[in-house]
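Engineer: this one's structure only:
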Ligand SMILES: Nc1ncnc2c1ncn2[C@@H]1O[C@H](COP(=O)(O)OP(=O)(O)O)[C@@H](O)[C@H]1O
Ligand SMILES: CC(=O)OP(=O)(O)O
Ligand SMILES: [Mg+2]
């Protein structure tokens, strides 16, 4: 199906609302040839940072206004071309796109056609921040390489195995069905990858283990994975539900919204922006970066301490909930920016759960490193692990498997 049957490279594009992250990988040996990021698209302070790993080159930065996603992708293509890794390369087998919302329709990586794009467009009302950027990324890449297979890998796909009782909201069924309202879950490529890597770390097959995955990045979500299949996850119709995040509230009483509309005179858009962009850690203490919050706590800042405590309390509640959902837990895996780096979050989330077989060894927890590792003491019944996620590798692997089949 590829343009060139011997081609083994995959370009992965992760288009966010104001950023594009990308990686070029060679699936013959898993080598990362180039990685980069365009951020603050549409602002005067746009920045492109590109590292051509294949040539051993150092990071290059471009700081000039990049008006939109199309311009961002063209700038990325130019940077790749400067290292002889351009989009015109015959070694490129596919472009893999992270698509955040695939609804109930998409359960597998999918070859992109006009019909698939139309489906992704129909889901914009339930993913207004993410799906439009994903579609622009797809269309721009198509324009640059119309002959190349483009593959959509959906954040929601891994969660489509959730049982109906976990996916349903307890609201009027006709209203829910008419409006696509159900729990979809997100960060699925990360939950899939990390749950498999955790099984590997335990020396087991994924089908033999039950894992709670805590993906704690800027966006954050938990999932309960039984024998390799997702049975529950904390994000819902949109990526707003669940854990406390960098700028999102996670779970709240839905009546907060009516209260703000009726009594504070806020519009729907203002409340949407409040809950998605001005809540979570940033809403609680003015900072969304866990490094800065820890620094402030070390200086005795009470507001930062409260934000940390709210964050950890929610996390602990989800660990307990998914322990109950799974019945038996073999491992808890911490991943993404906060999960991989913030030892105090891991320690606090598990503190006091010894009766559940959960404990963290302080020495192991304090160690750093890029490899998956256990941080629980020998005696603990449940393994606690730090397992670095790699969404780009997972997207490339899924996209390549589809086009080389
Ligand atoms: N060394 C660190 N210590 C504590 N927190 C960190 C560290 N490095 C990154 N983080 C946290 O990780 C977050 C970013 O996580 P990441 O998974 O890269 O997010 P995303 O992919 O959603 O942008 C930062 O906002 C910060 O809170
Ligand atoms: C779905 C989602 O929350 O994505 P991100 O963490 O990239 O914002
Ligand atoms: Mg991430």
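Structural biologist: Sure thing, it's come through. Treat the numbers as computed from the prediction; the structure is a model and nothing was measured. Numbering: from 1, shown residues only. Ligands and ions are numbered 1, 2, ... in the order given.
Engineer: what about residue 320, neighbour count?
Structural biologist: Residue 320: 13 surrounding residues under other C-beta atoms under 10 Å. Backbone N, C-alpha and C define where each C-beta goes, glycine included.
Engineer: Do you know the pLDDT at it?
Structural biologist: Predicted confidence (pLDDT) for residue 320: 98.
Engineer: Ok, the one 4 residues further on next?
Structural biologist: The per-residue pLDDT reported for residue 324 equals 98.
Engineer: Assign a three-state SS to it, would you?
Structural biologist: helix (DSSP: H, G, I helix; E, B strand; the rest coil).
Engineer: Does the closest residue to ligand 1 within the stretch 201-350 of the chain lie in a helix or a strand, and which?
Structural biologist: Ranking the residues of the stretch 201-350 of the chain by distance to ligand 1 (C-beta to the nearest ligand atom) places residue 337 first, at 2.0 Å. Residue 337 belongs to helix 336-341 when assigned by DSSP states H and E.
Engineer: all strands of the stretch 301-405 of the chain, in order?
Structural biologist: Shown for the stretch 301-405 of the chain, the strands assigned by DSSP state E, counting those that start in this stretch span residues 331-335, 373-374, 383-386.
Engineer: rewinding a little: who's in contact with the helix holding residue 337?
Structural biologist: 190, 214-218, 220, 290-291, 333-334, 345-346, 368, 386, 388-389 (C-beta atoms under 8 Å, 6 or more residues apart in numbering).
Engineer: Filter these down to the ones in helices?
Structural biologist: Members of the contacts of helix 336-341 lying in helices (criterion: DSSP state H): 190, 290, 291, 345, 346.
Engineer: who wins for neighbours among the residues you listed?
Structural biologist: In the ones in helices among the contacts of helix 336-341, the most neighbours by other C-beta under 10 Å go to residue 346, 25 neighbours.
Engineer: can you count the residues close to the residue nearest to that one when sequence neighbours are not counted?
Structural biologist: Of all residues not flanking residue 346 in the chain, residue 334 sits nearest, at 5.3 Å (C-beta to C-beta, 6 or more residues apart in numbering). Residue 334 sits with 30 neighbouring residues when counted by other C-beta under 10 Å.
Engineer: isn't residue 334 right up against residue 212?
Structural biologist: No: the pair residue 334 / residue 212 is not scored as a contact, 9.8 Å apart, by C-beta atoms under 8 Å.
Engineer: do you know how far the closest residue to residue 102 other than its chain neighbours is from ligand 2?
Structural biologist: In space, residue 102 comes closest to residue 154 once its chain neighbours are excluded; the distance is 3.2 Å by C-beta to C-beta, 6+ apart. Residue 154 sits at a distance of 11 Å from ligand 2 (criterion: C-beta to the nearest ligand atom, to the nearest Å).
Engineer: For residue 154, name its beta-bridge partners.
Structural biologist: Per DSSP bridges, the residues bridged to residue 154 are residue 99.
Engineer: so who does it touch?
Structural biologist: By C-beta under 8 Å, 6+ apart, the contact set of residue 154 is 99, 100, 101, 102, 106, 109, 110, 188.
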